[in-house]
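Participant: with the input below, show me the fold.
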Amino acid sequence: MGDQVEVVAGSYEQIVFGYRVCPSEEEWRLEPVFTHHAHTASLSAVAASEQFIATGSKDETVQLYDMNTRTEHGALLHHNGTVSCLEFYGTSHLLSGGEDGLLCVWSTKTWDCLKSIKAHMGHVTSLSVHPSGKLALSVGTDKKLRTWNLIDGRSAFVKNIKQDAHLVLWSPVGDKYVVVMHDKLDIYSLESASITGTLAYQKRISSIRFLKNTLVAVAGDDEYVKVYDLISEKCICEFRAHENRVKAMDSFLLDELCVLVTASNDGFIKLWKFNLENPEVVCLLSQVNTTARLTCLSVWKPKRGKELSAEQITQSASVLSADKEALLSPTSKRVRINTERVVSKFRKAPKKNKKQKVQ
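Facilitator: Okay, here's the model as predicted:
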């Protein structure tokens with residue numbers, strides 16, 4: 001189990017937490033790596049690529065962090081409103097959606113905004129990129145499900161749905177996708193673009209995660225996680241994950257072991273061992289109490305061959321514990337990106353000046 005994995009979580013308290021997963025035969029541990037006061041408002045989204053972590057917030061910004069150098073990399077300032085969803089495609093692009101109805105495509109090489117699309121008349125509540133990188137789905141508060149051609153940045157298909165959807169997600173293979181509306185999950189076929197099945201949950205659904213192409217984990221505004229088989233459309237596993245509602249989930253494979261990660265308002269991040277061959281068996285591997293109200297979660301895995309050494313991780317943790325208000329040292333370079341223009345500065349950019357009232 002030599003693969004390096006870190007769990008990154010955001011909170012209402014404007015803090016980002018980073019924990020390294022330390023597996024062992026006797027006991028798994030979640031060791032703190034960093035704690036960073038990332039935003040001036042609560043966090044709403046977090047996404048991870050091989051090199052970068054991106055966090056979105058109600059303060060209208062996307063903050064970037066280089067996980068190779070463990071420094072703050074910059075901020076994207078294009079959205080006018082809460083940044084509601086973020087997703088990387090590979091190592092080349094980042095997609096962001098916000099309450100302003102915009103869907104933005106960013107280059108991770110230059111951090112230029114390649115496309116800024118008015119995706120929905122209301123808020124963009126969720127987005128998902130197809131495994132091929134050629135298509136994306138978005139849902140919003142205008143009761144529309146949109147399919148986007150990412151090759152030319154244009155709308156490929158629009159479907160009217162009966163309610164406002166707040167979650168959308170492609171399956172790992174990309175032959176199907178799921179759309180969540182309050183307590184209902186609709187399963188769509190890519191080939192027919194029609195609903196092939198519907199799952200009902202007892203509460204409002206807060207998070208979904210594919211464990212494999214036919215298994216999806218569902219969490220709602222309660223303490224439980226349910227795993228559904230999309231072929232039989234039946235719940236094959238249910239367990240109490242937290243003392244309070246589950247806010248976010250992610251998963252990863254480590255030496256063919258499937259690990260489900262959950263975060264809750266109760267402050268805990270938990271790792272669950274999930275047996276794909278015997279899905280009825282779930283056991284707790286590790287947990288950590290952040291003492292914060294968690295809102296979002298992502299798993300970061302570096303590119304193979306670029307894992308940080310234990311000494312580097314320790315040095316990073318010691319620096320951050322000495323100064324938890326910043327990820328970067330005072331001499332580090334910070335790049336602040338405003339819409340489509342890149343500005344490099346060696347000091348923190350000043351906050352936007354509010355318009356003064358005319359006396």
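Participant: break down this protein into its helices, ranges please.
Facilitator: Counting by DSSP state H, the chain has helices at residues 310-322.
Participant: helices and strands of it: which one has the lowest mean pLDDT?
Facilitator: Least confident helix or strand, the chain: strand 341-345 with a mean of 30, by mean pLDDT, DSSP states H and E.
Participant: next one, pLDDT for Val358 please.
Facilitator: Here, the pLDDT recorded for Val358 equals 39.
Participant: same question for Pro279.
Facilitator: Pro279 is assigned 81 on the pLDDT scale.
Participant: burial of it, as a residue count?
Facilitator: 16 (other CB atoms under 10 Å). No exception for glycine: its C-beta is placed from N, CA and C like everyone else's.
Participant: and the nearest residue to Cys85 once chain neighbours are set aside, how far is that from Glu60?
Facilitator: Of all residues not flanking Cys85 in the chain, Gly97 sits nearest, at 4.5 Å (CB to CB, 6 or more residues apart in numbering). Distance, Gly97 to Glu60, using CB to CB, to the nearest Å: 13 Å.
Participant: so who does the nearest residue to Ser132 once chain neighbours are set aside touch?
Facilitator: Once flanking residues are discounted, Ser132 sits nearest to Gly174: 6.3 Å by CB to CB, 6+ apart. By CB atoms under 8 Å, 6 or more residues apart in numbering, Gly174 lies in contact with 130-132, 190.
Participant: closest to Lys184 among those?
Facilitator: Leu190 (19.9 Å; CB to CB).
Participant: the closest one touches Val173, doesn't it?
Facilitator: No - contact between Leu190 and Val173 fails when scored by CB atoms under 8 Å: they sit 9.4 Å apart.
Participant: which one of the two is surrounded by more residues?
Facilitator: Neighbour count, other CB under 10 Å: between Leu190 and Val173, Leu190 has more, with 15 against 12.
Participant: list the residues that contact the more buried one.
Facilitator: Residues near Leu190 by CB under 8 Å, 6+ apart: 174-177.
Participant: and it, what pLDDT?
Facilitator: The per-residue pLDDT of Leu190 was computed as 93.
Participant: how much space between it and Gly10?
Facilitator: Using CB to CB, we find Leu190 at a distance of 31 Å from Gly10.
Participant: for Asn275, same thing?
Facilitator: Between Asn275 and Gly10 the computed distance is 29 Å (CB to CB).
Participant: more neighbours, those two?
Facilitator: For Asn275 versus Gly10, the count of surrounding residues by other CB under 10 Å is larger for Gly10: 29 against 13.
Participant: might one say that the residue nearest to Cys85 is in contact with Ser128?
Facilitator: No - applying CB under 8 Å as the test, Gly97 and Ser128 come out as separate, 10.3 Å apart.
Participant: got any residues that touch both of the two?
Facilitator: Listed as contacting both Gly97 and Ser128 by CB under 8 Å, 6+ apart are Ser138.
Participant: which of these two has more neighbours?
Facilitator: Gly97 (30 against 20).
Participant: who does the more buried one bridge with?
Facilitator: Taking DSSP bridges as the rule, Gly97 bridges to Cys85, Leu103.
Participant: pLDDT wise, what is it at?
Facilitator: pLDDT, Gly97: 98.
Participant: contact partners for Lys301?
Facilitator: 3-6, 48, 50, 252.
Participant: can you tell me which of these is nearest His242?
Facilitator: Nearest to His242 among the contacts of Lys301, with distances taken as CB to CB, is Phe252, at 19.3 Å.
Participant: ok, the closest one touching Val259?
Facilitator: Yes - between Phe252 and Val259 there is a contact under CB under 8 Å: 5.6 Å.
Participant: who has more neighbours, these two?
Facilitator: Val259 (22 against 17).
Participant: what residues are up against that one?
Facilitator: Each residue near Val259 by CB under 8 Å, 6+ apart is listed here: 21, 251-253, 271-274, 285.
Participant: phi and psi next, for Asp266.
Facilitator: Dihedral angles of Asp266 (phi, psi; degrees, to the nearest 10) stand at phi -80, psi 0.
Participant: where does the closest residue to it other than its chain neighbours land on pLDDT?
Facilitator: If the residues on either side of it in the chain are set aside, Asp266 comes closest to Asn244, at 3.9 Å by CB to CB, 6+ apart. Asn244 carries a pLDDT value of 93.
Participant: residues touching the residue nearest to His166 when sequence neighbours are not counted, list them.
Facilitator: The shortest distance from His166 to any non-neighbouring residue, by CB to CB, 6+ apart, is to Thr125 (4.5 Å). Thr125 makes contacts with 84-85, 97, 139-141, 164-167, as judged by CB under 8 Å, 6+ apart.
Participant: good, wrapping up.
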